[in-house]
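Q: predicted model follows, preceded by the sequence.
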Amino acid sequence: MEIRELVCIGCPVGCSLKVTLQDGKALKVNGNNCKIGEQYGINECTNPKRIVTSTVAVEGGEERVVPVKTEKDIPKGKIFDVIEELKKIKMKAPVYISDIVIENVSGTGVNIIATKNNKKI
Amino acid sequence: MLEYDIVVIGGGPAGLAAAIKAKDNGIDSILVLEREVKLGGILNQCIHNGFGLHTFKEELTGPEYAQRFIDMVSERNIEYKLNTMVLDITKDKMITAVNGDDGILIIKAKAIILAMGCRERPRGAINIPGSRSAGIYTAGTAQKFVNIDGYMPGRQVVILGSGDIGLIMARRMTLEGAKVKAVVELMPYSSGLRRNIAQCLDDYNIPLKLSHTIIDIKGKERVEGVTIAQVDKNRKVIKGTEEYIPCDTLLLSVGLLPENELSRKASVELSKITGGPIVDDNLETNIDGIFACGNVLHVHDLVDYVTEESYHAGEEAAQYVKGRVKAVKKTEIEVSGGVRYSVPKYVNPDNINNFVNVRFRVDTTYKDVFVSVYFDQVRVMHIKKRVMAPGEMETVKLTKSMFEVHKDVSKILIRLEEE
């Protein structure tokens, strides 16, 4: 049995988690105050995932870039693949919140969506 | 001269929430004054996620969180003026502002809500020796360059200070292709949220150098490198621990200061500890009808708490306009034993409808301590905390029933206790 100590990133409270592991499997999570913490503790020790936020270039908009995010969390190991894909893209204004920027980014099954309005000028 | 019931100074998360709640409490004559080109304040450049878990029960990015409030302001037809700089406010609630369309504006308000937010401490505030070369920015300035303007301020980065914006920018610069060589923190602990250490530094193997500082900046035209060194308990440099790190950019994340120049002009009394106005449980300052909320009052780590506080300020300002008399009976909240301050500083027991949230911060890191609240000599609250840190704002909820039991309470004390 192994115990791994983590800080939950599920919300800004930042609970100190203790995850009990056996043969690579998470048996139980202690120290969490909510279900998000339990899920995070298990995922982090088996298949760590993150929401990725970045920006994408925009042509003809009030700002030169528009912020974007992965709609759901994606495997941690795919973060830089996602970033590379985002760098190749140039959108045309207007862009609105929740517009899909890339479908199924880097084969993760998760869409990239815009998180800000960028009006045409 | 223009006349409004309530003028809100600042159109960030605090100002918008306050305006919305004032409107919902029956005040129609409201004006929000914002100096930027857009409503939403600093949230517009905080493109990372983690906002709104309390308020909306979902995790949003800064711009998404801001947009929800901008939409609520539009739905309610609340008036606002952008690109408008407030130059002066007086204790008689006369406001002088200026913008390109109206020129000078003189506005008379029945109530004012201060919601100007805070700003970053710049290099000049912390006396780092070395050259005055290009490539030194506050973390928030760099954040604006990258996230709004689409420019990278540099490629080889050292960050001084481990406040949340610095941690967020360490990850952001890394994702944009820069090499973040170190985050250097003078104190033996980070002032940022623990989740940000985990997901912004640890995820990308960025070293956090605690009890270290920058003792020299090299480079005439542009930053070429910094010398860091370890410090002792008294924050004095330990000789022989110097280390030179080549870099082209230095970001500063060394604290936030509530922006209270205007408050001072209106003779609003400020706390030496928070840098923000001293308020009662109505979030009213010492000046009749001037309220404060958000980061201008005290620096928050969660926008959700800013929203909650600002709703409260908006509601109270509305009650004031409708004729509520300023609280006379006031009980002071004292702090000791590791608690640095409380907001509010005063409560009026007769005024509490349901409960009052008292926010505070501790002076250093603690493990397994109790937060205790005393009404005079009687301990009414005793809560165990596994970890406490200065970077994390704490809350105790004082309920109406506590005040009913202790009717003539003359002093409330909040302190940490070992057992």
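A: All right, it came through fine. Numbering: from 1, shown residues only, chains lettered A, B, ... in the order given.

Q: residue B:162 reaches residue B:191, doesn't it?
A: Yes: when contacts are counted by Cβ atoms under 8 Å, residue B:162 is listed as touching residue B:191 (6.1 Å). Quick note: C-beta positions are derived from backbone N, CA and C, even for glycine.

Q: between those two, what contacts are shared?
A: Applying Cβ atoms under 8 Å, 6 or more residues apart in numbering or on different chains, one finds that residue B:162 and residue B:191 are jointly contacted by residue B:185.

Q: which of those two has more neighbours?
A: Under the criterion of other Cβ atoms under 10 Å in any protein chain shown, the comparison of residue B:162 against residue B:191 puts residue B:162 first, with 27 against 22.

Q: so for the more buried one, what's the pLDDT?
A: Model confidence at residue B:162, expressed as pLDDT, equals 94.

Q: doesn't it fall inside a strand?
A: No: read with DSSP: H, G, I helix; E, B strand; the rest coil, residue B:162 is coil and lies in no strand.

Q: in chain B, which spans are helices?
A: Ranges of helices in chain B, per DSSP state H, are B:13-24, B:62-75, B:139-144, B:164-175, B:194-196, B:261-265, B:303-321, B:400-405.

Q: check which helices and strands the fourth one is in contact with.
A: Applying 3 or more Cβ pairs under 8 Å, 6 or more residues apart in numbering or on different chains; DSSP states H and E, one finds that helix B:164-175 makes contact with helix A:79-87, helix B:139-144, strand B:156-160, strand B:179-184, helix B:194-196, strand B:249-252.

Q: please compute how far it lies from its chain's middle.
A: 19 Å (Cα atoms, centre = their mean, to the nearest Å).

Q: does residue B:72 touch residue B:19 like I think?
A: No: between residue B:72 and residue B:19 there is no contact, the gap being 9.1 Å when judged by Cβ under 8 Å.

Q: residue nearest the middle of chain A, spatially speaking?
A: If you average the C-alpha coordinates of chain A and look for the closest C-alpha using Cα atoms, centre = their mean, you land on residue A:51, 0.7 Å from that point.

Q: where does pLDDT dip in chain A?
A: Residue ranges of chain A with pLDDT under 70: none are present.

Q: tell me the residues of it that contact chain B?
A: Residues of chain A lying near chain B by Cβ under 8 Å from any Cβ of the partner chain: A:6-12, A:14, A:16, A:31, A:50-55, A:57, A:63-65, A:67, A:69, A:76, A:79-80, A:83, A:97, A:115-117.

Q: contacting residues for residue 8?
A: In the absence of a named chain, this looks at chain A. Contacts here follow Cβ under 8 Å, 6+ apart; on that basis residue A:8 touches A:14-17, A:32, A:36-37, A:40-41, B:195.

Q: my question was about chain B
A: Shown in contact with residue B:8 (Cβ under 8 Å, 6+ apart): B:15, B:18-19, B:22, B:30-33, B:112-113, B:115.

Q: ok, the residue nearest to the centre of chain A - contacts?
A: If you count contacts by Cβ under 8 Å, 6+ apart, residue A:51 has them with A:69-70, A:72-74, B:49, B:59.

Q: just the buried residues out of those residues, in ChimeraX syntax.
A: Listed next is the ChimeraX selection for buried residues among the contacts of residue A:51, using 16 or more other Cβ atoms under 10 Å in any protein chain shown:
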select /A:69,70,73,74 /B:49,59
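
Q: next, format the contacts of residue A:51 as TSV and append secondary structure and distance to residue B:241.
A: Formatted as TSV, the contacts of residue A:51 follow (DSSP: H, G, I helix; E, B strand; the rest coil; distance: Cβ to Cβ, whole Å):
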residue	secondary structure	distance to residue B:241
A:69	strand	41
A:70	strand	41
A:72	coil	45
A:73	coil	40
A:74	strand	40
B:49	strand	37
B:59	coil	40
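
Q: pull the most distant pair out of the contacts of residue A:51.
A: Spatial extent of the contacts of residue A:51 (Cβ to Cβ) is set by the pair A:74 and B:59 at 14.4 Å.

Q: what sits closest to residue A:102 if chain neighbours are left out?
A: The spatial neighbour of residue A:102 that comes closest, neighbours along the chain excluded (Cβ to Cβ, 6 or more residues apart in numbering or on different chains), is residue A:112 at 4.2 Å.

Q: which strand residues bridge the one you found?
A: Going by DSSP bridges, residue A:112 is paired in beta bridges with residue A:70, residue A:102.

Q: so where do the strands sit in chain A?
A: Assigned strands in chain A, in chain order: A:2-7, A:16-22, A:25-30, A:49-50, A:53-59, A:65-70, A:74-75, A:90-92, A:100-102, A:112-114 (criterion: DSSP state E).

Q: how is chain A divided into domains?
A: Domain assignment for chain A, taken from automatic domain parsing, gives A:2-47, A:53-114.

Q: wait, which of those domains is closest to residue B:279?
A: Closest among those, using Cβ to Cβ: domain A:2-47, at 23.7 Å.

Q: can you give me the end-to-end span of that closest one?
A: Taking Cα to Cα, to the nearest Å, domain A:2-47 runs 17 Å from one end to the other.

Q: what of stretch B:12-31?
A: Where stretch B:12-31 begins and where it ends lie 14 Å apart, using Cα to Cα.

Q: close to chain A, is it?
A: No: applying Cβ under 8 Å from any Cβ, one finds that stretch B:12-31 is not in contact with chain A, the shortest distance being 14.8 Å.

Q: what distance separates that stretch from the centre of its chain?
A: Using Cα atoms, centre = their mean, the distance between the centre of stretch B:12-31 and that of its chain works out at 20 Å.

Q: buried set for that stretch?
A: In stretch B:12-31, the ones that count as buried by 16+ other Cβ under 10 Å are B:12-23, B:25, B:27, B:29-31.

Q: which residue is the nearest non-sequential neighbour of residue B:322?
A: Closest residue to residue B:322 in three dimensions, ignoring its sequence neighbours and counting by Cβ to Cβ, 6+ apart: residue B:26, at 7.0 Å.

Q: residue A:49 versus residue B:379, what's the distance?
A: Taking Cβ to Cβ, to the nearest Å as the measure, residue B:379 and residue A:49 are separated by 44 Å.

Q: hmm, I was thinking of residue B:250
A: Taking Cβ to Cβ as the measure, residue B:250 and residue A:49 are separated by 33 Å.

Q: in CSV: the helices and strands packed on helix B:164-175, plus mean neighbour count.
A: Putting the helices and strands packed on helix B:164-175 into CSV (neighbours: other Cβ atoms under 10 Å in any protein chain shown) gives the following:
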stretch, mean neighbour count
helix A:79-87, 17
helix B:139-144, 22
strand B:156-160, 26
strand B:179-184, 22
helix B:194-196, 23
strand B:249-252, 26
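
Q: residue A:103 is nearest to which of these?
A: Distances from residue A:103 to each of the helices and strands packed on helix B:164-175 were compared using Cβ to Cβ; the minimum, 11.1 Å, belongs to helix A:79-87.

Q: and the worst-scoring helix or strand of chain B on mean pLDDT, what does it pack against?
A: Confidence across the helices and strands of chain B bottoms out at helix B:194-196, with a mean of 88, counting by mean pLDDT, DSSP states H and E. In this structure, helix B:194-196 packs against helix B:164-175, with contacts taken as 3+ Cβ pairs under 8 Å, 6+ apart.
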